[in-house]
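**Student:** Have a look; sequence and predicted model below, questions after that.
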Amino acid sequence: MASSSVLRERSGTLHKLLAGLIFHRSMGGGPRTFPGGLNKWQYKRMHEKMAMDKERRLLGQEKQIYQARLRSEIRAKRAGKSSSDLADSGAAMTSKAHVKALADRFMKEGAEDLWNEDDGPIRSRTRQSRAVNSLPPHDLRKLMVGRKNLIESQVGRVDTFGQRREYSTISKRGSGMRSKTRWRRISSSEEDSESEEGVKAFRGANMGTRTGLQMFPRLNIANEGDSEEESDMITGASSRIRFSNKAALRNFDTKAPRRLPKSMVGHADLSNEIQEIRNELRAKKAVVNVTTHGNEDHETLITNKRFADSGISPLTIKALTDARYIQMTVVQDAALPVCLDGKDALVKAKTGTGKSVAFLIPAIETVIKAMHGNMNQRIPQTHALILCPTRELAIQVAAEANVLLRHHDGIGVQTLIGGVRFKMDQKRLESNPCQIIVATPGRLLDHIENKSGFSIRLMGLKMLVLDEADHLLDLGFRKDIEKIVDSVPRQRQSLLFSATIPKEVRRVSQLVLKRDHIFVDTVGLGGVETHEKAGFTEASQPDLASARPQHVLQSYIIAPHQVHFHLVYHILKEHLQQESDYKVIVFCTTAMVTAFLYVILRDLKMNVREIHSRKPQLYRTRISDEFRESKCIILVTSDVSARGMDYPDVTLVIQVGIPPDREQYIHRLGRTGREGKSGKGILVLAPWEAYFMDQIKDLPIQKCHLPDLDPVTRQKVEDSIGKVDSSIKEGAYHAWLGYYNSIRDIGRDKTTLAELANQFCHSIGLEETPALFRKTALKMGLKDIPGIRIRK
Ligand SMILES: Nc1ncnc2c1ncn2[C@@H]1O[C@H](COP(=O)(O)OP(=O)(O)OP(=O)(O)O)[C@@H](O)[C@H]1O
């Protein structure tokens, strides 16, 4: 009896396990571990590598056959046969057709930008336009022809290399973004630069690696000058003989006589040709996979395109009209056609230009479609999932979604964010079924891992959006994102949005996006990622906070730690005098430094609020709402408010200390100058932090002189510092040390860092350096460092 119940229990467990496994597979995630103890990503990468090896082998074989084909053609020509005779006489195809077939087979469109190590946001405009407008396209034949011509021009036999073709590319948006190609002749001299890159590419091409030929898009084979190229190709082939493997030539192999001395072959450098191919790739990338829209500024932020003409549902249009969104912003105009078309997209647009609406409209349209598809779902399904890096941002995005859903009865949106009781989330999910979830990654994962019914909800997911995508794909979040992606269906549309998309992020974006995704870039290669306008005339030095802003006026000031807080007070006082409706955000490096500055400014009788991670969520939400709605207010905050927060009419952003990176500087600054309005940004750095300016030197930021701090101001700030509780000061010191210790490119050894921390310590009014726990010091690598005290 007992044994049969045990058996039943065991078989029940087995069933559950199997069901779990089947369920997990149907969710698109597959098992969590794979043969050899690999995780999904390692397994995926292993397979990618195997596929690459296979492609490489195939390409090698094709090349050998191709060379054999060329040889047999040469033989046929010598024997007086034409290539058509050759084809008739049993050979499968001419060498020309073979090249075409090769190109078709190995040079498919779409994959190249994921593998191109040269992509990324920061490229000069001239370079891009040169790539698009003045460089010729290539085909595999030209590779051979060019090689042969180079050799021949050196031996003085044929003089055709000096002539090349140029093309111009016409981007046709809305029709699959294909390009048309036109040709004209130009001199080769334009194309002779950057041969080193070309050599690299050639290596890739010959080795068949991903950076080489196989990642090229389908190449254009023009008809013009075919006969000339054909004969070129034949001679060119002879110079390739040394690459061929005779064993693989089978019946085609006859020992071919050497046509050129070895020394001559050695000169046959293909780097120029390869460089041209690279440039063509870039040019194509700019029009095929990337839609670039020129720098928008104040005047051109709103386009002429109306939402009403974009084919979105009338109820959404009605809600948009209620919210006074009639015409699209640049990013909406650029991204909506792509997103509404169901394509995966990576979208880059400056801060405050309306990205949220650009992804919310497609999300809502997706939900409407999905709901039509299955009306009788027993378990409520979530069709759109939006991930945000911070809780405040998730709340804001959900609020914006509610605005757009105003007339859509039956479509709901919920937030799942940390700091709220888990049980509350569950209750809300049960009582208010929602098709759109806006979540922070940690809390969402909690639900996925700890609430079995939750994963079933996600089975109906059609769209995944990552707002502030570069931050979410950062190391800090990446593991969570990988797990979340594992838990949602593979058949989905994914959209990534951000104002900054560094090179590395572009590469890892394939964790989420399909390979053939579209990159919508409204900043443009080499464009400035912040809203422009240094705003000062060359002759005049900007006077802190007094210059009249034209859009976003950026300046920085170098001052010793000892006067940072005095300086902030001084800047605020000046700004308050100038702006009757001021609204200021002051960013500090850490939560505890934020708390410290808040106490000082409050003591100095300023209308100040604080938001940082040490505050309870309810408090944070209340302050965030208050700041959004108020005027004449100052918010002191850590990076929890740096990204995405849409506080209207912020007149000034002050950043005290170095931001974690260039991107964060841009996002923090982006809290002002939104919707094309004016604003100012001031970065306050200690002298040793000035190295950071190198990271943002391409932005329109100007150095500002250190203003005279009058003794009264100094004394007032000193007095306020004196009143701050020592526990806050100690916390600020620890946090400061932790923050700077974690910045990779700080370029300071630990002893120097400890010295700098001591300087900071004095600037906040601590006489003695607070001690660290031994364990903390060990973790931070600060044990036995002079200047670091360890708690006994
Ligand atoms: N078509 C439109 N017409 C008028 N106002 C708009 C339109 N689209 C968006 N806005 C407004 O523009 C402001 C900025 O929008 P949003 O917060 O989406 O910017 P963002 O690009 O996401 O900024 P960030 O990069 O900081 O996240 C919001 O106040 C929004 O209401």
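**Tutor:** That came through fine.
**Student:** quick one: pLDDT of the residue in the stretch 201-350 of the chain that the ligand sits nearest to?
**Tutor:** With Cβ to the nearest ligand atom, the shortest gap between the stretch 201-350 of the chain and the ligand falls at residue 325, namely 4.1 Å. C-beta: built from backbone N, CA, C; applies to glycine. pLDDT for residue 325: 94.
**Student:** show me what contacts it?
**Tutor:** 307, 357 (Cβ atoms under 8 Å, 6 or more residues apart in numbering).
**Student:** May I have the phi/psi pair for it?
**Tutor:** phi -100, psi 100 (degrees, to the nearest 10).
**Student:** Can you tell me how far it is from residue 649?
**Tutor:** Noted for residue 325: a distance of 18 Å to residue 649, by Cβ to Cβ, to the nearest Å.
**Student:** repeat for residue 749
**Tutor:** 44 Å.
**Student:** So if I had to pick from those two, which one is more boxed in?
**Tutor:** Neighbours were counted for residue 749 and for residue 649 using other Cβ atoms under 10 Å; residue 649 has more, 16 against 10.
**Student:** what does stretch 735-746 rub up against?
**Tutor:** Under Cβ under 8 Å, 6+ apart, the answer for stretch 735-746 is 589-593, 657-658, 660, 691, 748, 750, 753-754, 756-757, 760, 772, 780-782.
**Student:** Any buried residues in it, and which?
**Tutor:** 735, 736, 737, 738, 739, 740, 741, 743, 746 (16 or more other Cβ atoms under 10 Å).
**Student:** what is the mean pLDDT for that stretch?
**Tutor:** On average, stretch 735-746 scores 85.
**Student:** repeat for stretch 65-73
**Tutor:** 79.
**Student:** just stretch 312-320 next, same as before
**Tutor:** 95.
**Student:** any residue of it up close to the ligand?
**Tutor:** No - using Cβ under 6 Å from any ligand atom, stretch 312-320 stays clear of the ligand, with a minimum separation of 7.6 Å.
**Student:** residues in contact with that stretch?
**Tutor:** Against stretch 312-320 from outside (Cβ under 8 Å, 6+ apart): 307-308, 326, 336, 340, 357, 361, 364-365, 368, 403-408.
**Student:** Which among these count as buried?
**Tutor:** 307, 336, 357, 361, 364, 365, 368, 404, 405, 408.
**Student:** ok, those residues vs the ligand, which is closest?
**Tutor:** Nearest member of the buried ones among the contacts of stretch 312-320 to the ligand, counting by Cβ to the nearest ligand atom, is residue 357, at 4.4 Å.
**Student:** Where does pLDDT dip in the stretch 351-500 of the chain?
**Tutor:** Residues of the stretch 351-500 of the chain meeting the criterion pLDDT under 70: 373-378.
**Student:** Can you show me the helices along it?
**Tutor:** 355-373, 391-404, 422-431, 441-450, 452-458, 469-472, 475-487 (DSSP state H, counting those that start in this stretch).
**Student:** Report the buried residues of stretch 619-636.
**Tutor:** Those would be 620, 621, 623, 624, 627, 628, 633, 634, 635, 636, for stretch 619-636 by 16+ other Cβ under 10 Å.
**Student:** for stretch 452-467, same thing?
**Tutor:** Going by 16+ other Cβ under 10 Å, stretch 452-467 has these buried residues: 454-467.
**Student:** any idea which of those is closest to the ligand?
**Tutor:** Nearest to the ligand among the buried residues of stretch 452-467, with distances taken as Cβ to the nearest ligand atom, is residue 467, at 7.0 Å.
**Student:** Next up, the contacts around the spatially closest residue to that closest one that is not a sequence neighbour.
**Tutor:** Distances taken as Cβ to Cβ, 6 or more residues apart in numbering place residue 388 nearest to residue 467, at 5.0 Å, with adjacent residues excluded. Going by Cβ under 8 Å, 6+ apart, residue 388 touches 394, 397, 438, 439, 440, 467, 468, 644.
**Student:** from the residues you listed, which are also near the ligand?
**Tutor:** Answer for the contacts of residue 388 near the ligand (Cβ under 6 Å from any ligand atom): residue 644.
**Student:** Mind checking which of the contacts of residue 388 land in strands?
**Tutor:** Judged by DSSP state E, the contacts of residue 388 include 438, 439, 467 as members of strands.
**Student:** Up against the ligand, what does this structure have?
**Tutor:** 325, 328-329, 332, 349, 351-357, 499, 644, 646, 670, 674-675.
**Student:** try 8 Å
**Tutor:** By the rule Cβ under 8 Å from any ligand atom, the part of the chain lying against the ligand is 302, 307, 320, 323-329, 331-332, 349-358, 393, 396, 400, 467-468, 497-499, 643-646, 648, 667, 670-671, 674-675.
**Student:** Would you write a PyMOL line that selects the buried entries of those residues?
**Tutor:** To isolate the buried members of the residues of the chain next to the ligand in PyMOL, using 16+ other Cβ under 10 Å:
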select buried, resi 302+307+320+325+328+329+331+332+349+350+351+352+353+354+355+356+357+358+393+396+400+467+468+497+498+499+643+644+645+646+667+670+671+674
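**Student:** Let me see the backbone angles for residue 344.
**Tutor:** Dihedral angles for residue 344 - degrees, to the nearest 10 - are phi -70, psi 140.
**Student:** What is the burial count for it?
**Tutor:** With other Cβ under 10 Å as criterion, residue 344 counts 22.
**Student:** how far away is it from residue 401?
**Tutor:** Distance from residue 344 to residue 401, by Cβ to Cβ: 21 Å.
**Student:** Can you tell me, leaving aside adjacent residues, what's nearest to residue 471?
**Tutor:** Closest to residue 471 by Cβ to Cβ, 6+ apart is residue 389, at 4.7 Å.
**Student:** buried residues in stretch 409-423?
**Tutor:** Those would be 411, 412, 413, 414, 415, 416, 417, 418, 420, for stretch 409-423 by 16+ other Cβ under 10 Å.
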